[in-house]
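sequence first, then the predicted structure, then my questions.
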Amino acid sequence: MNTVIDRGMHVLHASWFGCAAGVHTFWLTVECDAEDESRAVLPPSLRSIANITEV
């Protein structure tokens, strides 16, 4: 969670965490024009392992 907080409070406010349910994953909803733009919002340590899904 600290990794997300370090990106800024706006990223934290757009994030959903599953830790309370035992799912140690977070979901982030952003509006971007391209996948690489949305990946750039993530902390550098998570960019290569993130799953980006267009909705």
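Arrived safely, thanks for sending. Residues are numbered from 1 along each chain as shown.

could you point out which element follows the longest helix belonging to the chain?
Scanning the chain for the helix with the most residues, using DSSP state H, yields helix 35-41. Beyond helix 35-41 in the direction of the C-terminus, DSSP states H and E gives the next helix or strand as helix 44-47.

just the CA atoms of that next one, as CSV, please.
The C-alpha trace of helix 44-47 is given here as CSV (Å, rounded to 0.1, in the frame of the first residue of the first chain):
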residue,chain,number,x,y,z
PRO,A,44,7.5,1.4,-11.3
SER,A,45,7.9,-1.8,-9.3
LEU,A,46,4.4,-2.9,-10.4
ARG,A,47,4.4,-1.8,-14.1
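
quick one: low-confidence ranges for this structure?
Residues of the chain meeting the criterion pLDDT under 70: 1-16, 19-20, 23.

what about the helices in it?
All helices of the chain, identified by DSSP H, fall at 2-5, 9-13, 35-41, 44-47.

got the buried residues for the third one?
Using 16 or more other C-beta atoms under 10 Å as the test for burial, helix 35-41 gives 38, 41. (C-beta placed from N, C-alpha, C; glycine too.)

alpha carbons of that helix, as CSV, please.
Extracted C-alpha coordinates of helix 35-41, given in CSV (Å, rounded to 0.1, in the frame of the first residue of the first chain):
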residue,chain,number,x,y,z
GLU,A,35,-2.2,1.1,-22.3
ASP,A,36,1.2,2.5,-21.9
GLU,A,37,-0.3,5.7,-20.5
SER,A,38,-2.3,3.7,-17.9
ARG,A,39,0.8,1.6,-17.0
ALA,A,40,2.8,4.8,-16.3
VAL,A,41,0.3,5.7,-13.5
